[in-house]
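Colleague: Structural data only, the sequence is not supplied:
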């Protein structure tokens, strides 16, 4: 709680919760809006892809721009830019001037601002709490707990508002959350503006650093594959409920809720654990337990078994994310941190459209449990790559420490 005594950190945390709640609402409201308006699941999928794809295409440039603007200016720009973009959707729809290509264009332009925002979202934490691993990890755990809370708030709130005011008008609320975040950051979050020295950093400087770093060059492709598997996993859950659990939508809600609840508890626990357990050790152990939990989903069993697997996976995912995100952030030199974090985010986001494109044909042709088994086998290989690289790095650091002491 001592972290929240810093008014800047507290205001940023509130801003993140508000904007993340809006994002969670958008992830429910926008696909539902398209599905109800067009009656086409394929068009719904393309809208989701339209929001993610610009991150993969333009993310490197977004990170370079964020590096020149600074973290605070980038956050303000991205929040403010998304206000008219999301508000324009219901305005044009009400006027009968929203053909599907125009909707895709608006969603894609909003996605352009995700990459720079993603990079500064992590880079801003050391600017507030300093460069110590434990401090950054604990602050990251606090933000992660807040983010997981919005998983409970956003989708249910969107569902209630859809029934009360209609799907299109919910997008006005989404736009308002970005405006509120902009005002909070503009008013309360004052950061030292760091002027870049020397020649401007290159667009691909972050990529070059990742390629040179012996740990990140293994972790980056591993996380790309893991994200593809997560997208396939999430796409499989509705089909699993239809095929194995009597098409009960409440069970689907419980499965997603279990993931969110486990993640929230894990984020709260990680706030304490990150100061007691070395980051690489915690990340490797938690990743191993996360994969073991996910394999429960491949077992043909009553839905409470799948519920338990999702809850455990969510719990251990938070124990992975907190130390790993802090370690990655601090491993990158400050002068290229936003570029490298944006590049890391680009490689992660590349997996999302691939996963969406693969999900439909695989689930239509094969048994759901068989699809899950294949996905989890691939996911396990990627997770093992992460764990082996983490343990090897830990051994190298300990050996270097021993050598320096002698």
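Modeller: Cool, got the structure. Remember, it's a predicted structure, so these values are computed and weren't measured experimentally.

Colleague: now the helices: where do they sit in the stretch 301-406 of the chain?
Modeller: Applying DSSP state H, counting those that start in this stretch to the stretch 301-406 of the chain gives helices spanning 303-331, 337-365, 368-405.

Colleague: What is the last one packed up against?
Modeller: The reference is to helix 368-405. In terms of contacts (3 or more C-beta pairs under 8 Å, 6 or more residues apart in numbering; DSSP states H and E), helix 368-405 is packed against helix 216-244, helix 279-294. Yep, even glycine has a C-beta here, placed from its N, CA and C like the rest.

Colleague: quick one on the thing from earlier: now mean neighbour count, mean pLDDT and distance to residue 6 too, for the helices of the stretch 301-406 of the chain, in JSON lines please.
Modeller: Below are the helices of the stretch 301-406 of the chain laid out as JSON lines (neighbours: other C-beta atoms under 10 Å; pLDDT from 0 to 100; distance: least, C-beta to C-beta, whole Å):
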{"stretch": "helix 303-331", "mean neighbour count": "22", "mean pLDDT": "91", "distance to residue 6": "17"}
{"stretch": "helix 337-365", "mean neighbour count": "21", "mean pLDDT": "76", "distance to residue 6": "20"}
{"stretch": "helix 368-405", "mean neighbour count": "16", "mean pLDDT": "87", "distance to residue 6": "30"}
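
Colleague: Distance to residue 93 for those - can I get that in JSON lines?
Modeller: JSON lines is the format used below for the helices of the stretch 301-406 of the chain (distance: least, C-beta to C-beta, whole Å):
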{"stretch": "helix 303-331", "distance to residue 93": "35"}
{"stretch": "helix 337-365", "distance to residue 93": "24"}
{"stretch": "helix 368-405", "distance to residue 93": "35"}
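
Colleague: Nearest to residue 80, out of the ones you listed?
Modeller: When these are compared by C-beta to C-beta, helix 337-365 sits nearest residue 80, at 18.5 Å.

Colleague: Please find the angle between the direction vectors of that closest one and helix 368-405.
Modeller: With axes from the mean of the first three to the mean of the last three C-alpha atoms, to 10 degrees defining the directions, helix 337-365 sits at 150 degrees from helix 368-405.

Colleague: still on that earlier bit, could you point out which of the helices of the stretch 301-406 of the chain sits nearest residue 97?
Modeller: Of all the helices of the stretch 301-406 of the chain, helix 337-365 comes closest under C-beta to C-beta, at 27.7 Å.

Colleague: quick revisit: mind telling me which of the helices and strands packed on helix 368-405 the model trusts least?
Modeller: Among the helices and strands packed on helix 368-405, helix 216-244 carries the lowest mean pLDDT, a mean of 86.

Colleague: So which other helices or strands are in contact with it?
Modeller: Other helices and strands packing on helix 216-244, by 3+ C-beta pairs under 8 Å, 6+ apart, are helix 205-212, helix 249-273, helix 303-331, helix 337-365, helix 368-405.

Colleague: hmm, 7 Å instead?
Modeller: helix 205-212, helix 249-273, helix 337-365, helix 368-405 (3 or more C-beta pairs under 7 Å, 6 or more residues apart in numbering; DSSP states H and E).

Colleague: what comes up buried for that helix?
Modeller: 216, 218-220, 222-233, 235-241, 244 (16 or more other C-beta atoms under 10 Å).

Colleague: now stretch 162-181: mean pLDDT?
Modeller: 85.

Colleague: Could you do stretch 30-44 as well?
Modeller: The model assigns stretch 30-44 a mean pLDDT of 74.

Colleague: Which residues does it contact?
Modeller: 47-48, 100, 162, 167-168 (C-beta atoms under 7 Å, 6 or more residues apart in numbering).

Colleague: hmm, back to that, please identify which of the helices of the stretch 301-406 of the chain is closest to residue 267.
Modeller: Closest of these to residue 267 is helix 303-331, at 4.3 Å (criterion: C-beta to C-beta).

Colleague: Quick one: work out the angle between the closest one and helix 337-365.
Modeller: 160 degrees.

Colleague: circling back to that earlier point, tell me which of the helices and strands packed on helix 216-244 approaches residue 91 most closely.
Modeller: Nearest to residue 91 among the helices and strands packed on helix 216-244 is helix 337-365 (27.8 Å), distances taken as C-beta to C-beta.

Colleague: Would you mind pulling up the elements that the closest one packs against?
Modeller: Using 3+ C-beta pairs under 7 Å, 6+ apart, the elements in contact with helix 337-365 are helix 41-69, helix 114-129, helix 205-212, helix 216-244, helix 303-331.

Colleague: need the next SSE after the second one, C-terminal direction.
Modeller: Pointing back at helix 114-129 there. The helix or strand immediately downstream of helix 114-129 is helix 133-165, counting by DSSP states H and E.

Colleague: rewinding a little: who wins for proximity to residue 73 among the helices and strands packed on helix 216-244?
Modeller: Nearest to residue 73 among the helices and strands packed on helix 216-244 is helix 337-365 (11.3 Å), distances taken as C-beta to C-beta.
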